[in-house]
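> pasting a predicted model and its sequence here:
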Amino acid sequence: MPERTEVQVRAGRDDDLVALTDIYNHYIRETPITFDISPITPDERRPWLLSHPEDGPHRLLVAQPESDGRILGYATSSPFRPKAAYATSVETSIYLAPDAGGRGIGTLLYTALFEALAEEDVHRAYAGVTLPNEASIRIHQRFGFKQIGVYEEVGRKFGAYHDVAWLEKRLS
């Protein structure tokens, strides 16, 4: 039986930027999961990284095996909307390396993210999920998210219109 590799979850940092951009670019190029259309460079992605400090309600957590430096995925909590009254709401997301699904990495990341958010002044978490995406719906439901609506045919990518389900989780 192969030895299980321990995976650590930690705050994202500048030297993760290339790997995080590579993961995200996979979803841009290969899936409708993100509505970005053109791959981005690490320099274009840097402001996003810097908008997620190690503490506070807007976090970036990465999963990395202790045995090597490869990033397996990341989870974020980001501002839900820019207006001040939305400050106690966050939008969460998970992106995994293409070969990291089905190994509990998403669960590990979301567990750590919601433990961190429990210490913050955050009342609600929201997630937008491009449909169909059973894996994403499943993990969000496992963490207590409930579907509150669907934007029908809200985005067009790869020549097709896609719906986005909106899910909500009460945090306080």
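Okay, I see it.
> buried stuff in stretch 154-172?
Residues of stretch 154-172 classed as buried: 155, 157, 162, 164, 165, 167, 168, 169, 171 (neighbour count, 16 or more other CB atoms under 10 Å). Backbone N, C-alpha and C define where each C-beta goes, glycine included.
> contacts only, for residue 112.
9, 61, 75 (CB atoms under 8 Å, 6 or more residues apart in numbering).
> give me the buried subset of those residues.
Counted by 16+ other CB under 10 Å, the contacts of residue 112 give 9, 61, 75 as buried.
> kindly confirm my reading that the last one is in a helix.
No: following the definition DSSP: H, G, I helix; E, B strand; the rest coil, residue 75 is strand and is not counted among the residues of a helix.
> chain neighbours aside, what residue packs nearest to it?
Closest residue to residue 75 apart from its sequence neighbours, by CB to CB, 6 or more residues apart in numbering: residue 109 at 3.8 Å.
> which SS state does the one you found fall under?
Assigned with three-state DSSP, residue 109 falls in the helix class.
> quick one: mean pLDDT for the strand or helix carrying residue 166?
When elements are assigned from DSSP states H and E, residue 166 belongs to strand 160-170. The average pLDDT within strand 160-170 is 98.
> just to revisit the earlier point, reformat the buried ones among the contacts of residue 112 as CSV; add distance to residue 150.
CSV is the format used below for the buried ones among the contacts of residue 112 (distance: CB to CB, whole Å):
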residue, distance to residue 150
9, 31
61, 28
75, 23
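> show me the shaky parts of the chain.
Within the chain, the stretches with pLDDT under 70 are 1-5.
> which stretches of it form helices?
Using DSSP state H, the helices of the chain run over 17-30, 42-50, 105-117, 134-142.
> alpha carbons of stretch 157-172, as PDB, please.
Output in PDB follows, covering the C-alpha atoms of stretch 157-172 (Å, rounded to 0.1, in the frame of the first residue of the first chain):
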ATOM      1  CA  LYS A 157     -18.000  30.600 -23.200                       C
ATOM      2  CA  PHE A 158     -16.900  28.100 -25.900                       C
ATOM      3  CA  GLY A 159     -19.900  29.000 -28.000                       C
ATOM      4  CA  ALA A 160     -22.500  28.000 -25.400                       C
ATOM      5  CA  TYR A 161     -24.500  29.900 -22.700                       C
ATOM      6  CA  HIS A 162     -24.000  28.700 -19.100                       C
ATOM      7  CA  ASP A 163     -26.200  29.000 -16.000                       C
ATOM      8  CA  VAL A 164     -24.700  30.000 -12.600                       C
ATOM      9  CA  ALA A 165     -26.100  28.600  -9.400                       C
ATOM     10  CA  TRP A 166     -25.800  30.900  -6.400                       C
ATOM     11  CA  LEU A 167     -25.300  29.300  -3.000                       C
ATOM     12  CA  GLU A 168     -25.300  30.800   0.500                       C
ATOM     13  CA  LYS A 169     -23.900  29.700   3.800                       C
ATOM     14  CA  ARG A 170     -24.700  31.400   7.100                       C
ATOM     15  CA  LEU A 171     -21.600  32.000   9.200                       C
ATOM     16  CA  SER A 172     -22.900  33.900  12.200                       C
END
